[in-house]
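1. Just a sequence and a predicted model for now, questions to come.
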Amino acid sequence: MSEVEFSTRAYCKVILHAAKYPHEAVNGILVSKAKDLEGSNDVVFVDAIPLFHMALGLTPMTEVALEQIESYCSSNGLKITGYYQANEHYKNTNPNFVANRICEKISERFGQVHLAMVDNRRLSLDMASSAIVMKNRDKASVALESDSTCVAASCLLQNRAYRLLVDFDNHLDNVSADWRNPELNQEIDAVL
Amino acid sequence: MRSCTSDRYVAERYRRWREDNSRNSDLIVQLWEEVLCAKVDKLGDEKWMVLEQVAVAALDLHKMTVAEDCLVMLSKQFPGSQRVRKLKALRLEALERYEDANDVYDAILRKDETNTVVRKRKIAILKSLGKTSEAIRELVEYLKKFMSDTEAWMELSDLYISEQDYAKAAYCMEELLLHNPHHHLYFQKYADIKYTQGGFDNVEVARSYYSRAVKLSSANNMRALYGLLLCCSQIANSPKAQAQKKKENTKIGQWAAQCISDKYREASGSEDNQPVEQLLGALTLS
């Protein structure tokens, strides 16, 4: 059985995206380093790219985003390997048609795709344990990069770092907002 | 020069959020705790509006003590007020005591059946319970009586989208377009739905609505520009389109792509590798 691991950067971005829009569903893409995937079944998500917090069920802007992300990945030695979603409903961790459809599309183009759902109930200021459950595989739990990953997520939440996070919706509202999140990346690196 | 944390400045920001209905719960509560809480008496009559606003924001964040403090002050000032009663029911909702909240709402409606906010809260409870189809049914009933409630039409459209019933979601947007035929966001969303629905005819409809949205927004709506580009490239590549139509759509698509590149150039000076051209061979999800 292959292992799935979240880097601190990827994990924190997923959590911060959910925290920035507590009343809405959010989704995004998880990427790995292309060379790490060669000859190994294990997957390490090195980064997360936040997509939307409005109208997840409509496809045109998702197509635009995936196209841009794909081109970003191929020029940076990355590969799309996963998709994450936090549902609008507090207790619901089941993937809906949006999650399934996007995963299907990604796997048509890039092979295996992992589906990560955020368990809203486990989001808190101290983030004691991983708030992510994997779907479509035997093992629901995930490995995190290190013990300090949860601590980092907690610090960032308390510093309200989610206000720095830019998703693709923010980018479409204002194209100078960068969905690669250079500013937030620095913040995440600094907290470690 | 006022400092950005002075109470008057904060009160002004609160006022702006109340007017445009922004849900900045996190900021509202932060500014309340850091600035306004201690100085609320200086606000005069505006105090009560602020307390209501903070109460709702605090419930949104599940900061129960903050919300309860506000509720105590409000009920002391306005005993027997239906508006305060509604806030208390909102607290019950936040505590997941949905039945109790529903009882309060029913009681309010017995006194005042035109209270639209309370009617909508009852529908929101159905949504919290995950009963989407019931919520849709109730919202349809509501809209038969209050058909000029644009917020409700928007919500109904979103509920239909979550049920993948795009034809009905589009119908709701048509209602909104009748209400305001100059609103580019309505045109854009209608087009988004039509595009999601898919098929040659729907994409053609989407194209004309995206065009309208681009025009009404003076080419500032990025979603509409991207949408226009997507539609044009699909039509231009479709075997169903005649030569003339292909030519026309290729031209419009190129124009949209140019507008998009211009936006990126304006925003950054020189944004690296924005893959606009590659979008013409875009990935389709429908």
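-> Good, I have the coordinates. Not measured: the values here are computed from a predicted model.

2. ok now the worst-scoring helix or strand of chain A on mean pLDDT, how far from the chain's centre?
-> Ranked by mean pLDDT, DSSP states H and E, the weakest helix or strand in chain A is helix A:34-37, scoring a mean of 86. On the basis of C-alpha atoms, centre = their mean, to the nearest Å, helix A:34-37 sits 18 Å off its chain's mean C-alpha point.

3. by contact count, what packs against the next helix or strand after it?
-> Reading on from helix A:34-37 to the C-terminus, the next helix or strand found by DSSP states H and E is strand A:43-45. Packing partners of strand A:43-45 (3 or more C-beta pairs under 8 Å, 6 or more residues apart in numbering or on different chains; DSSP states H and E): strand A:4-6, strand A:26-33, strand A:78-86. (C-beta placed from N, C-alpha, C; glycine too.)

4. Can you list the strands that strand A:43-45 pairs with?
-> Sheet partners assigned to strand A:43-45 using DSSP bridges are listed as strand A:4-6 (parallel).

5. Could you tell me the angle between the following helix or strand past the strand it pairs with and strand A:78-86?
-> Once the chain leaves strand A:4-6, the next helix or strand it forms, by DSSP H and E, is helix A:8-20. Interaxial angle, helix A:8-20 versus strand A:78-86 (axes from the mean of the first three to the mean of the last three C-alpha atoms, to 10 degrees): 30 degrees.

6. So which other helices or strands are in contact with helix A:8-20?
-> strand A:26-33, strand A:47-50, strand A:78-86, strand A:114-118, helix A:148-158, helix A:182-191.

7. Just confirm residue B:130 contacts residue A:96, I think it does.
-> No - with contact defined as C-beta atoms under 8 Å, residue B:130 does not count as touching residue A:96 (11.4 Å).

8. before we move on, back to that, rebuild the helices and strands packed on helix A:8-20 as a markdown table, extending it with mean pLDDT.
-> What follows is the helices and strands packed on helix A:8-20, written out as a markdown table (pLDDT from 0 to 100):
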| stretch | mean pLDDT |
| --- | --- |
| strand A:26-33 | 96 |
| strand A:47-50 | 97 |
| strand A:78-86 | 96 |
| strand A:114-118 | 95 |
| helix A:148-158 | 94 |
| helix A:182-191 | 94 |
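
9. okay if I get these as CSV plus distance to residue B:123 and mean neighbour count?
-> Shown next, in CSV, are the helices and strands packed on helix A:8-20 (distance: least, C-beta to C-beta, whole Å; neighbours: other C-beta atoms under 10 Å in any protein chain shown):
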stretch, distance to residue B:123, mean neighbour count
strand A:26-33, 23, 24
strand A:47-50, 30, 24
strand A:78-86, 23, 24
strand A:114-118, 26, 23
helix A:148-158, 32, 20
helix A:182-191, 36, 15
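
10. okay, residue B:130 and residue A:96: which has more neighbours?
-> residue A:96 (18 against 11; other C-beta atoms under 10 Å in any protein chain shown).

11. How about that one, nearest residue that isn't a chain neighbour?
-> Of all residues not flanking residue A:96 in the chain, residue A:87 sits nearest, at 7.1 Å (C-beta to C-beta, 6 or more residues apart in numbering or on different chains).

12. In a markdown table, list the helices and strands packed on helix A:8-20 along with distance to chain B.
-> Formatted as a markdown table, those follow (distance: least, C-beta to the nearest C-beta, whole Å):
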| stretch | distance to chain B |
| --- | --- |
| strand A:26-33 | 13 |
| strand A:47-50 | 14 |
| strand A:78-86 | 11 |
| strand A:114-118 | 16 |
| helix A:148-158 | 11 |
| helix A:182-191 | 12 |
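
13. Nearest to residue B:77, out of the ones you listed?
-> helix A:148-158 (34.3 Å; C-beta to C-beta).

14. Report how many residues lie close to residue B:38.
-> Residue B:38, neighbours per other C-beta under 10 Å, totals 11.

15. do residue B:156 as well
-> 25.

16. swap in the one 3 residues further on?
-> As a burial measure, the neighbour count of residue B:159 was computed by other C-beta under 10 Å and equals 21.

17. The one 4 residues further on now?
-> Other residues lying near residue B:163 total 15 when counted by other C-beta under 10 Å.

18. of all the helices and strands packed on strand A:43-45, which lies closest to residue B:216?
-> strand A:26-33 (28.5 Å).

19. which stretches of the stretch 1-150 of chain B have low pLDDT?
-> In the predicted model, the stretch 1-150 of chain B carries pLDDT under 70 at residues B:1-5.

20. Where does it get nearest to chain A, residue-wise?
-> Residue nearest to chain A within the stretch 1-150 of chain B: residue B:130 (6.0 Å; C-beta to the nearest C-beta).

21. Quick one: residues contacting residue A:9.
-> A:46-48, A:185, A:188-189 (C-beta atoms under 8 Å, 6 or more residues apart in numbering or on different chains).

22. Revised request: answer the last question for residue A:27.
-> Residues in contact with residue A:27, defined by C-beta under 8 Å, 6+ apart, are A:51-52, A:56, A:83-86, A:98-99, A:102.

23. sorry, back to before: can you verify the residue of the stretch 1-150 of chain B closest to chain A is assigned to a helix?
-> No - secondary structure of residue B:130 (DSSP: H, G, I helix; E, B strand; the rest coil): coil, not part of a helix.

24. can you pull the contacts of it?
-> Counted by C-beta under 8 Å, 6+ apart, residue B:130 has contacts A:89, A:92.

25. tell me which residues in the least confident helix or strand of chain A are buried?
-> A:36-37 (16 or more other C-beta atoms under 10 Å in any protein chain shown).

26. Confirm residue B:142 sits in a helix?
-> Yes - looking at residue B:142 with three-state DSSP, it is inside a helix.

27. How about it, nearest residue that isn't a chain neighbour?
-> Leaving aside its chain neighbours, residue B:142 sits nearest to residue B:119 (5.7 Å; criterion: C-beta to C-beta, 6+ apart).

28. The one you found sits in which helix or strand?
-> Counting by DSSP H and E, residue B:119 is part of helix B:116-128.

29. Export that helix to PDB, keeping only CA atoms.
-> Only the C-alpha atoms of helix B:116-128 are listed here, as PDB (Å, rounded to 0.1, in the frame of the first residue of the first chain):
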ATOM      1  CA  THR B 116     -39.200  37.500   5.500                       C
ATOM      2  CA  VAL B 117     -36.000  37.200   7.400                       C
ATOM      3  CA  VAL B 118     -37.600  34.700   9.800                       C
ATOM      4  CA  ARG B 119     -39.100  32.700   6.900                       C
ATOM      5  CA  LYS B 120     -35.700  32.500   5.300                       C
ATOM      6  CA  ARG B 121     -34.100  31.400   8.600                       C
ATOM      7  CA  LYS B 122     -36.500  28.400   8.700                       C
ATOM      8  CA  ILE B 123     -35.300  27.400   5.200                       C
ATOM      9  CA  ALA B 124     -31.700  27.900   6.300                       C
ATOM     10  CA  ILE B 125     -32.400  25.400   9.100                       C
ATOM     11  CA  LEU B 126     -33.500  22.800   6.600                       C
ATOM     12  CA  LYS B 127     -30.200  23.500   4.700                       C
ATOM     13  CA  SER B 128     -28.200  23.000   7.900                       C
END
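
30. domain parsing for chain B?
-> In terms of domains, chain B is parsed into B:1-79, B:182-286 (source: automatic domain parsing).

31. Perfect, that will be all.
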